[in-house]
Every structure is written in C-alpha cells, then in structure tokens.
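# Predicted model follows, preceded by the sequence.
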Amino acid sequence: MRNTRATQLLTELSREGRYNPLLPDCDVPQPPLEELLPREAIAAELLPLPEVAEPDLVRHYTNLSTLNMSVDTHFYPLGSCTMKYNPKRNERLAGLDGFAAVHPYQPEETIQGLLELLYELQEMLAEISGLHAVSLQPAAGAQGELTALLVAAAYFQERGEHRTKVLAPDSAHGTNPASAHMAGFRTVTVKSTPEGLVDRDDLRRHLDDEAAVFMVTNPNTLGLFETEIREIAEEVHGTGGLIYLDGANMNAILGISRPGDFGADMMHFNPHKTFSGPHGGGGPGAGPIAVTRDLAPFLPTPVVAREGDVFRLDEDRPRSIGRVRGFFGNVGVLVRAYCYIRTHGPEGLREVSENAVLNANYLLHRLKEFLPVPQGDCCMHEFVATAKDCKAERGITAMDIAKRLLDYGFHAPTVYFPPIVREAIMVEPTETESRETLDAFAEAIGKIVQEDPELLHAAPHSTPVTRPDDVRAARQPVMRAVAAGENGHEG
Amino acid sequence: MSYVLNTAQDRQEMLQILGLDSIDELFAMIPADVRLGRPLDLPPALGELELTAHLSSLAGKNDSAASKVCFLGGGSYDHFIPAVVDHVASRSEFYTSYTPYQAEVSQGNLQAIFEYQTLITQLTGMEVSNASMYDGASAAAEAVMMALAVSPERRRVVTASSVHPEYREVIETYLAHQEVELVTIPTPDGIASPEDVAAMVDQNTACVLVQQPNFFGCLEEVRRWADIAHDHGSLFVTAVDPISLGLLPRPSTYGADIVVAEGQSLGNPLAYGGPYLGILACREAFMRRLPGRLAGQTVDQRNQRCWTLTLQTREQHIRREKATSNICTNQGLLALRASVCLAALGPRGMRQAAELSVRKASYARDKLAGNSRFTRLFDAPTFKEFVIRDTSGQVDELLAHGLECGYLAGVPLGKWYPDFADCLLVAVTEKRTRAEIDGLVDCFVNSEQRTEVVHA
C-alpha cells in the first residue's frame, strides 16, 4: 500500500507553469518597479524554485510523513531524549491567536496575558528547580548550557577571578564540552567510577582556583542518581567553583529532589523533554535556565517582571551577559510547557516522575533477562544495557539489535552512548507507556538476541530503506537536489 | 496523572515483580537530605476544560496581528501563511518524531531536511545549506564564528549599526570570551557608506556582516561591501529577508560567502518571537565548517536512493569540545513549514509576495511622508519597511492613538537608537490592504479625529 512515488523530490515533481493562486492583485498604484527600486536591485529572473500544485504538494508531504516513526505511532524508548506523549490540548492552546499571532515588538500593555503566563512559568520553574531566578530566553538545552556558562564567566570576571576550566564527567552529553568551549573555557574530563558515578578522587584532582564550573547531569546518563551530589557540591563550592546541572534528566525527579537543594547553582530545563513539547523531528526545543540569587543579575535580557498587577519586560539589567538570541524566546514551546505543568499540578508532576522511574525499573528488570545492565539492578528514569557479551559470543552488536527492533515496530533505543559503556543500549521508556508495551518491547529484545546474526547484520528488513551507506554520504557529499539525471540512483 | 497509563493495580503488580513494597523505594538512591519533603508549591492541577478556559482567558488579554492590523516588523513579519503549511505541519508523524538518527524509520524527516536544504540553496544561490539554526540572530552569530574558524589568525569582525540591533547583541554575547574586535560602522544616513566600510576592513578582518535590506528597511550597497571584503581576503556574510529574494538579486550574485536569514517569514507564526528558524547557507568551500545538522543523499544496501545525517564529525555528539558549534537541535518543524511555504508559493508566488510588499510599503511611506507632520528619515531605497520621523516628537502618543484606532502601527526606534527616538519603523507586507494603509495614515495625521478601523 506504500506509495512508491513518495520519495520523488520536489524538483522532480515540478512542472513549468504550475502555480497556486494564494495572493491577491495589487490594490495600490503600480508605477514601474524601476521607480521604486534601483535597477540593480531587481533580479532579472524568477527564483529557481520548484513549481508544484497544492494537490501534489499535500500528497508529497503526507506520503513522506508516513515514512517516519513518531511518538504518536510507535514506542520510542530513546534514552536521554524523553520521548513522552505530546498532549493535544497543548497544541491547540499554543495555537490560540492571543499567543501565536503576537508580534514580538508589541507594546507591553497589549500582551499582559502572555507576560503573565511567562512570569508564572518563570516562578514555577524556579520552584521546581529550587533556584532563585529564571531566564526563558535560550532556544534549546545546548543554548541554555552556553548561556549559563557565560553567566558563570561574567560572575567570575566581576569577582576578578581568572578561572579557565570547565569540568564534566566522561558520561556527559557532548553538548557540555562543546558549550564550554564556546563560552571560552577549556574542558577537563572527570572519570566515572566502575559503578557509573562521578569519581570524586579524580574530580578532586582537577578542583583548584582555575576550575570555574563542574557540569553534572543528575540523574546521570546511566540513569543513576549521584548519591554523593551534596558532598560533590560542597567540595566544588569549597574551591570557589560553581555547579551546573544539565537538566536533561529532570523527568526522574520532579517534586522529589530539587537541583538547588542538592547544590546546583545553575541548570537548564528541556521543556521539549520533561514538559512534553513535541520534538518536531529535531526541534524546536527551548532551554530555560534557573540560577541562584548571586547569579541572577547576569541572566540574559530581558526577563519578565511583575509590579502589582502589571507585567513588564525588565531590560535595565546592567550586569547581564546580554542576549543569546533575537526576541523573547521560544514562546510556542514555553506555552506548551506551561500547559503541561498546570495540567499536572504538584502531585501530578511527582506522579510523572514516579511512573517514569517505575516503568524504567520494570523494563530494566525484564530486559536484564536478555542483556546485562552493568550499572546495577535499579535505575532512575533510564538505564544502559550492553550488547558486549552478545558481540563477543555471537557477533551481534548494539547497532544490530537497534536496527532489528525497527522490524518489530519499535523505535531503537539510543546506542553507543554514553561512551563509557561498550556496546551501550540506552533505554528510557517514560511514564506515558503501558506495562503491555514494555513487556512487548522486552520480549522483542529476548527474541532478537536469539536470532541468526546474519539476519541481524542485514536488519532492518521491513523498512522503506535499510542501512544507508554513511561512508558514501560523507565522502561524496550530496547536500541538495541537482538537475535531473545527476541525482544517481532512483528508489 | 493525565498521561500516565499505569493503573493502581499495574503499579502494585510491577512493584511486586521488582520486589518492592512502595514507589518510595524506587528512589532509595536519592539521599534523604536532598529529597524534597513537601509537595512543590505550584497551583493545583487543571482538567482539560479548566485549562482551556484559563489559557483562553490569558490569550484573550492579548492583542495580536489577528485582532489588530499589524504594521510591525523589525525582523518578524505578518506575512500570509498558506493553509497547506499548517496542514502538513500538523501531521503528527512529523511533529512527534525525533531527530532522524535512525535513518530507516526517518526517511520522511531526512528527505524533508534534504528538500529544505535544496530550497534554501535555490533561494539564496549558495551551494550548501544546513538543516537550520535557532533563529536569524543566532544564525548570524554562528556565521561569524564560522568565519573566525575559517581564518583563525584574523581577529576582527566588521559590521554596521544598520544591522538588526539584537543580531549585533547576540554576536557580542557569542564573542564575549573570544578576543575578537567587533567594529560597528555608524549609519546616520540609514546605510553604511562604502568609504566607511573600506576604512574599517583590514587584513585582520575575518568577515564583514551586512543586512540586506537592513534593519531600517533600506538597501545597502552590497556589491561595494563584497568587493571591499574580498579585496582584504575577508569573508562576506549577509543577513537577508527571505521574502525579499522574490525580487532582489540572490546573495550569490553579489559575492556572499555565507548567507543567514530569519526564516519566520516563510510560513511560521509570529508567536512573540519564537520558535523561529535560522537559515544558514554558504559556499561549498566552507561546508565542513558548518554548524548543526546536515542531511546528505546516499544509497542503501539495496542501492535505493535515500538520505542520512552526514558529516557528523563536525558535531558535538561526536567531536565534543572540538565541534564546530554546541548546537544539537535544529528547528525541524519550522524548516518543514518554510519548505512547504516556499514550494506552495513557488517562483511566481515569491515574486508576487515581494512585489506586493514593496509596492504597498512604498505607497504607505509616500502617503505618510506626504503629510507635514511626518518625514521620511532616510533617502536610501527601501523594501518592505521604512523609517518615518514624527516631527512633533510624540511617538508614544502616536502609537497609543494608533492602537485605539486598531493598529499595531510601528516599532519605536529610541530603545536602540537614541538619535532616532522620534522615529518609527513601519513594515508593510502583502497582507496589508490599501484600505488598511489609508486607515493608518488617516489615524496618524488626524490624532484628534478618531477613525474607525477598516478591516478589509
């Protein structure tokens, strides 16, 4: 039933003369364009865009959409990504004209409802984080990291301290060291213990008056809570450094433990993970950050302030690091996060984390019948299994298992991350999956590890394409459609 | 509990299988002294009906481009969004999917990104586009970082005060710890004079950044800029308005090396400034310096044409601190919307949108400037935006009166340009009708006489 023409490109569907009448005739006087613009500012030719009629356009993209797995169609146990259900009410409400059709330079008195929402969201995120002040500006988690590190740099600069190092565990997300580099720091990697926690001896070796920030993910990327986080924070603070919490894994601890209470000075949220914003095929996200009282003056400009019943943008922030993006922030994503938090309330948020952790532990329990989980018998919201024994004994890799799962109708878990676990398979089920789904997933893995290795090496078998040649893609890069006939193979 | 599937019985049975008595035991690894011993201090839960009423009430307190006639611009514009854009983006196979790391179950997204890259190269004339950045401002900052990485020995960046002030602020933030000199050429006449540009660009200049049309809506002498940049071996970076490219020459024709743009105009809602779409395209020579994701064409094991994320050794998840940028997400859904919008408009629709915008803006500009109270601030040719000076110096009152008449009338410039505190930036897109423009002018020129809004 699959439409085999789905993978034609727009350039191939294009026919000269096809046109969608979308815009009206001109209703103002029409002098020759040359009277309005200099000759050299008028392009002689039309843009070389495809000419596609609306029916073809709709069929094209609708068919393309069917080639994707998505949260609405499949279980998506992608570790570190929190692929939970995206509530439909949030989509509808974020689309209200009073939010979606607001121009970023409207006067404050015309957007009091929106500013009220954003102010409340700042307050709610401060409460959830246990920190003092919030900036909603960063556009994504990685930009939140960068913003917070720039805040830290400004803080140390003002104190006259020359701190050049950012420390991050070897299990950290790649964005941590990349953000540190962009903020002008050099990064130092801190080892993990065999149990998967921060190696405090190694951390101590790097703590000195050049260490600015220790970036920690807690629960960490192995799905473990850093049991000595309080002591770690005390040691970092003792040498004058700051703790940054990568909030990617907040889904495990909502209402249970607050970063500010375990010693974090700064953190980012991923509303598109924790607070159910849809991932959109890779964005948009948002990356609001929360910081302590001492760091608040350095937050980006503007923040939303309240004076009595009036909400306004506070732009008079002389110690601010400035802006990290244009306009206010990813408001559409933030409205969805607000809806999510208001839907749950305090008890509901706690239940989200309780069920996320319950589902992860249940799935861990079921999966360890088939694959070892090196870092123990219990976890927070996710866990990391390994295929290293499968590989040693039968030549089955983590990638083989991931690809074969696609044939069973499951999205693959994250594989080969974190880098400290060999043949890593990182599973995060989230709270929005049923026990039946978790059972079915575990049983699929149980079957797969018994299958013929050759079958697995060639998997997936039921998907529209199988194992694209990544080497060719990188060595002979084709990044855009070229004229017909030069495009190589036809599917 | 809205979206949790486990029933009380499920939870009981699952705990039993785990050998636990209570949910609390699941959290045993969290030390007691860092547990929150109380409920979060948040408002109580709302059902869907109550939430809808609450959000509707908050939304109802806001004016918007749907309730007022919008003449606001400054990098975010009220252009027409074809229905087909909303339709495609509402396919949940697109909007509830993740980054296409698993190519076999993401061909829809991968091909959509590849088509976006293709459309952006067609739009700009550049040879390569990435899969998108956060927004126009951060794309501009990333382009500057790219240029600095191309020539690491060069430590100067030259731009002009006619570039969007927020873009310049973001660039400043990104450069805060990079030991780079950012030179901003003053533009009292609305555009930078090529002589001033030439005086500032030297052998130490990594790149020269111009906006076309610039923040004031004026057209810069981009060909002169390009020559000056290239004469000194510097890269020429342009920030453009995608809609303007329906009519203005593509940046490739005047020597751009890197092109950035705010892609909001292409089918994305105003949304109080985000999420938006950062367009970033360049010449092939700099392909491996591009930040962010790239989709590439290849073949699969059955020799079928297909797409995959490629050149990932540039990216943070592989290269960590040596990555070209820390960016992880792109703006997939907004890039999809931009693609559908570009394809729906096509070459003729883009020309029409650009031409209607320029004609209507020119009509509005001349009509306002025809009144003794207002003067056109700059002589340079303008595209869909222009700056008008209120000679009576009462911009705030004027805007308040405009609002009463039903207009979001313009962006006051005083916040960024104290010299232009008596000026307004007015944007006119293809959506504005002659009646709306005439209504605005009537409202402005006769501040005593209240006029009725004409919604055409």
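Yep, it's here. Residues are numbered from 1 along each chain as shown, chains lettered A, B, ... in the order given.
# any idea which residue sits dead centre in chain B?
Most central residue of chain B, judged by C-alpha distance to the mean C-alpha position with Cα atoms, centre = their mean, is residue B:262 at 3.0 Å.
# give the contact list for that one.
A:326, B:75-76, B:135-137, B:139, B:239, B:241-242, B:276-279 (Cβ atoms under 8 Å, 6 or more residues apart in numbering or on different chains). Every C-beta, even on glycine, is put in place using the N, C-alpha and C of the backbone.
# Give me the subset of those that lies in helices.
B:136-137, B:139 (DSSP state H).
# do the helix or strand containing residue B:143 and chain A meet at all?
Here residue B:143 sits within helix B:136-150, counting by DSSP states H and E. Yes - part of helix B:136-150 sits near chain A under the criterion Cβ under 8 Å from any Cβ of the partner chain, namely B:136-138, B:145.
# Could you identify the helix or strand that succeeds that helix?
On the C-terminal side of helix B:136-150, the closest following helix or strand by DSSP H and E is strand B:156-160.
# on contacts alone, who are the packing partners of that following strand?
helix B:136-150, helix B:165-174, strand B:181-185, helix B:194-200, strand B:205-212 (3 or more Cβ pairs under 8 Å, 6 or more residues apart in numbering or on different chains; DSSP states H and E).
# Show me where the stretch 301-450 of chain B has its strands.
Counting by DSSP state E, counting those that start in this stretch, the segments of the stretch 301-450 of chain B that form strands are B:305-309, B:374-376, B:385-390, B:407-408, B:411-412, B:423-427.
# Let's have those in JSON lines, adding distance to chain A.
Written out in JSON lines, the entries for the strands of the stretch 301-450 of chain B read as follows (distance: least, Cβ to the nearest Cβ, whole Å):
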{"stretch": "strand B:305-309", "distance to chain A": "4"}
{"stretch": "strand B:374-376", "distance to chain A": "13"}
{"stretch": "strand B:385-390", "distance to chain A": "12"}
{"stretch": "strand B:407-408", "distance to chain A": "6"}
{"stretch": "strand B:411-412", "distance to chain A": "5"}
{"stretch": "strand B:423-427", "distance to chain A": "9"}
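# Minimum distance to residue A:140: which of those strands has it?
Among those, strand B:305-309 comes nearest to residue A:140, with 17.0 Å by Cβ to Cβ.
# model confidence over that closest one, on average?
Per-residue pLDDT over strand B:305-309 has a mean of 96.
# Show me what it is packed against.
Packed against strand B:305-309, as judged by 3+ Cβ pairs under 8 Å, 6+ apart, are the following elements: helix B:107-124, strand B:295-299.
# just those: most buried one?
Each of those was assessed for mean neighbour count using mean count of other Cβ atoms under 10 Å in any protein chain shown. The highest is helix B:107-124, with a mean of 27.
# touching chain A at all, that one?
Yes - against chain A, helix B:107-124 shows contacts by Cβ under 8 Å from any Cβ at B:107-109, B:111-115, B:117-119, B:121-123.
# Give the next helix or strand downstream of that helix.
Moving on from helix B:107-124 towards the C-terminus, the next helix or strand you reach (DSSP H and E) is strand B:128-129.
# rewinding a little: mind checking the helices and strands packed on strand B:156-160 for the one nearest to residue B:343?
Here helix B:136-150 is closest among the helices and strands packed on strand B:156-160 (Cβ to Cβ), at 21.2 Å.
# buried stuff in the closest one?
For helix B:136-150, burial by neighbour count (16 or more other Cβ atoms under 10 Å in any protein chain shown) applies to B:136-148, B:150.
# Please compute how far that helix lies from its chain's middle.
Using Cα atoms, centre = their mean, to the nearest Å, the mean C-alpha position of helix B:136-150 is found 14 Å from that of the whole chain.
# now the angle from that helix to strand B:156-160?
For helix B:136-150 and strand B:156-160, the angle between their directions (axes from the mean of the first three to the mean of the last three Cα atoms, to 10 degrees) works out to 150 degrees.
# excluding its backbone neighbours, what's nearest residue B:214?
residue B:162 (3.9 Å; Cβ to Cβ, 6 or more residues apart in numbering or on different chains).
# and that neighbour, what does it touch?
B:187, B:190-192, B:211, B:214-216, B:218, B:220.
# Next, the contact list for residue 380, please.
As the question left the chain open, I've gone with chain A. For residue A:380, the contacting residues are A:219, A:223-225, A:249, A:252-253, A:357, A:360, B:29, by Cβ under 8 Å, 6+ apart.
# my question was about chain B
Taking Cβ under 8 Å, 6+ apart as the definition of contact, the neighbours of residue B:380 are B:189-191, B:218-220.
# Next one: residue A:322 relative to residue B:141, how far apart?
11 Å (Cβ to Cβ, to the nearest Å).
# any residues in contact with both of those two?
Taking Cβ under 8 Å, 6+ apart as the contact criterion, the residues that touch both residue A:322 and residue B:141 are B:170, B:173.
# Return the residues in contact with the nearest residue to residue A:311 once chain neighbours are set aside.
Taking Cβ to Cβ, 6+ apart as the measure, residue A:311 lies nearest to residue A:115, with 3.6 Å between them; neighbours along the chain are not counted. By Cβ under 8 Å, 6+ apart, the contact list for residue A:115 reads A:108, A:304, A:311-313.
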